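Chemist: generate a structure from the sequence data that follows.
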Amino acid sequence: RRMRVGLDYRPALVNREGIGRAVREAVRAHAAAQEAELALFGSTLGPARLTRDELGLSSVTRLSRLRLPSKLWRPLHAATGVGADRLLGRIDLFHHTQPTTLPIARAVETATLWDCLWKAGGSGWIAPEVAERMEASARAVVERCARIQVPSRSVADELVEVLGVDPARIDLVPLGVDHVLRVAPDFSRVPSTPFLLTAARVDPRKNHVVALRALEILRDRGHDLAWVVVGPPGHAAERFEEALARSRARAVVDWRRTVPDAELVALYRRCECFVFPSLGEGYGFPPLEAAALGAPVVSSDAGSLAEILPPEAHVIDPHSPEAIAGAVDRALGGDRRASTWEPPSWAASAERQRAAWARAVESH
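Modeler: Numbers count the residues shown, from 1 in each chain. As a prediction, the model looks like this:
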């Protein structure tokens, strides 16, 4: 019989980027394969921020959608012994998709740990108190779950180094990126003049301030380029806001805090170059999405990026505005032919995930 898997679907309901995207696309791929029977846990007090069409749910997946605050599940479990798996009926395994796990009464448990950005107190990328909570949650996940899934070898190595996780308990499940290929682009808000593009939450880790300096250098060299920045403000976004207010290039910077997928895909397709000087990534969707749609990519090789970037990407030192500007110069002068690189697929990712789940069940 098919394995019956319970899965925490809460991130998919409320988060349009990152983990939310990964969870939605994984479920979509599992539903298409019909190799496992999924029961989704989506109990939250707040309403879903995406429509059912956007969520991609099908008749072969079940979503339990109680309007109950997540924070009540742990005291409820302590008082009654009832776990979130009870809500889903008989399941073989429950998969946690975020470090803030749910209480589970009987099922075998696995989890995905997406990154280790909390290490070293957050390294200034996230608030120290948030980093402390995230590390405590990650340690609890490692302690309670039979196996741990990671999106990259970089994250696996960090878990071994920082938390002492046995490598034999870690399953590498790379993510897909072919979701962008099915989105029809909306070109109505694409600039008519040449522009660079960066898509990332604005925080110190994503390194927008250094990218801004690189833009100034490029314009000083005679490149008439604008810069479209797509992403909401995150931790310490005021650093970029202040740098932008002082910048001599501020008039050509268009910061779009939220855009629909159709608009983002159009920007990927029409940009002169996609710039991603991130200082750390557990995986890194944006440069792969850009490459999948034919954009030249300038990126750091921080964290997982060294292992997932396509071979045509221009890799730079993310701390150097001059290095970023030089790589953009080379990218602009390159031949924008079709790449032989194949974007990683969600079908392959889901297959790897099912194999990891099977190993966890077999070990119990």
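
Chemist: in a strand, residue 109, correct?
Modeler: Yes - assigned with DSSP: H, G, I helix; E, B strand; the rest coil, residue 109 falls within a strand.

Chemist: quick one: residues contacting it.
Modeler: Counting by CB atoms under 8 Å, 6 or more residues apart in numbering, residue 109 makes contact with 93-96, 101, 144-146. Glycine gets a C-beta too; all of them are placed from N, C-alpha and C.

Chemist: and for residue 94?
Modeler: Residue 94 neighbours (CB under 8 Å, 6+ apart): 5-8, 41, 84-85, 88, 102, 104, 107-110.

Chemist: ok, now with 7 Å
Modeler: By CB atoms under 7 Å, 6 or more residues apart in numbering, the residues touching residue 94 are 6, 85, 104, 107, 109.

Chemist: and for residue 99?
Modeler: Applying CB under 7 Å, 6+ apart, the residues near residue 99 are 113, 134, 137-138, 141.

Chemist: show me these that map onto helices.
Modeler: 134, 137-138, 141 (DSSP state H).

Chemist: of these, closest to residue 276?
Modeler: residue 134 (22.9 Å; CB to CB).

Chemist: picking that back up, what's the closest of the contacts of residue 99 to residue 156?
Modeler: Nearest to residue 156 among the contacts of residue 99, with distances taken as CB to CB, is residue 113, at 9.2 Å.

Chemist: please report how far the closest one lies from residue 29.
Modeler: Separation of residue 113 from residue 29 (CB to CB, to the nearest Å) stands at 20 Å.

Chemist: likewise for residue 274?
Modeler: In terms of CB to CB, residue 274 sits 25 Å off from residue 29.

Chemist: so which of those two has more stuff around it?
Modeler: Counted by other CB atoms under 10 Å, residue 274 and residue 29 do not tie: residue 274 has more neighbours, with 25 against 22.

Chemist: that's a strand at the more buried one, yeah?
Modeler: Yes - Residue 274 sits within a strand when classified using three-state DSSP.

Chemist: that one - nearest residue in space that isn't next to it in sequence?
Modeler: Leaving aside its sequence neighbours, residue 274 sits nearest to residue 290 (CB to CB, 6 or more residues apart in numbering; 3.7 Å).

Chemist: tell me how many other residues surround the one you found.
Modeler: Residue 290: 31 neighbours (other CB under 10 Å).

Chemist: surely residue 175 and residue 22 touch.
Modeler: Yes - using CB atoms under 7 Å, residue 175 makes contact with residue 22 at a distance of 5.5 Å.

Chemist: which residues touch stretch 355-364?
Modeler: Contact partners of stretch 355-364, identified using CB under 7 Å, 6+ apart, comprise 3, 5, 92-93, 95, 108, 110, 146-147, 149, 171, 173.

Chemist: buried ones in that stretch, by neighbour count?
Modeler: 356-357, 360-361 (16 or more other CB atoms under 10 Å).

Chemist: for stretch 112-129, same thing?
Modeler: Burial within stretch 112-129, assessed by neighbour count using 16+ other CB under 10 Å, is assigned to 112-119, 122, 125-126.

Chemist: what is the neighbour count of residue 2?
Modeler: Neighbour tally, residue 2, other CB under 10 Å: 11.

Chemist: list the contacts for it?
Modeler: By CB under 7 Å, 6+ apart, the contact set of residue 2 is 35-37.

Chemist: how does it look with 6 Å?
Modeler: By CB atoms under 6 Å, 6 or more residues apart in numbering, the contact list for residue 2 reads 36-37.

Chemist: could you check how far it is from residue 38?
Modeler: For residue 2, the distance to residue 38 - CB to CB - is 10 Å.

Chemist: all strands for the stretch 201-350 of the chain, in order.
Modeler: Assigned by DSSP state E, counting those that start in this stretch, the strands in the stretch 201-350 of the chain fall at 226-230, 253-256, 273-276, 297-299, 314-315.

Chemist: parallel or antiparallel, list what pairs with the longest one.
Modeler: For strand 226-230, the paired strands and their directions (DSSP bridges) read strand 195-199 (parallel), strand 253-256 (parallel).

Chemist: got a quick PyMOL command for the buried subset of the contacts of residue 94?
Modeler: Of the contacts of residue 94, the buried ones go into a single PyMOL selection, burial set by 16+ other CB under 10 Å:
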select buried, resi 6+85+104+107+109
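
Chemist: closest to residue 258 out of the contacts of residue 94?
Modeler: For those, the nearest to residue 258 is residue 6 (31.4 Å; CB to CB).

Chemist: in a strand, that closest one, correct?
Modeler: Yes - according to three-state DSSP, residue 6 belongs to a strand.

Chemist: pLDDT wise, what is the closest residue to residue 283 other than its chain neighbours at?
Modeler: In space, and not counting its chain neighbours, residue 283 is closest to residue 151: 4.2 Å by CB to CB, 6+ apart. You'll see residue 151 listed with a pLDDT of 98.
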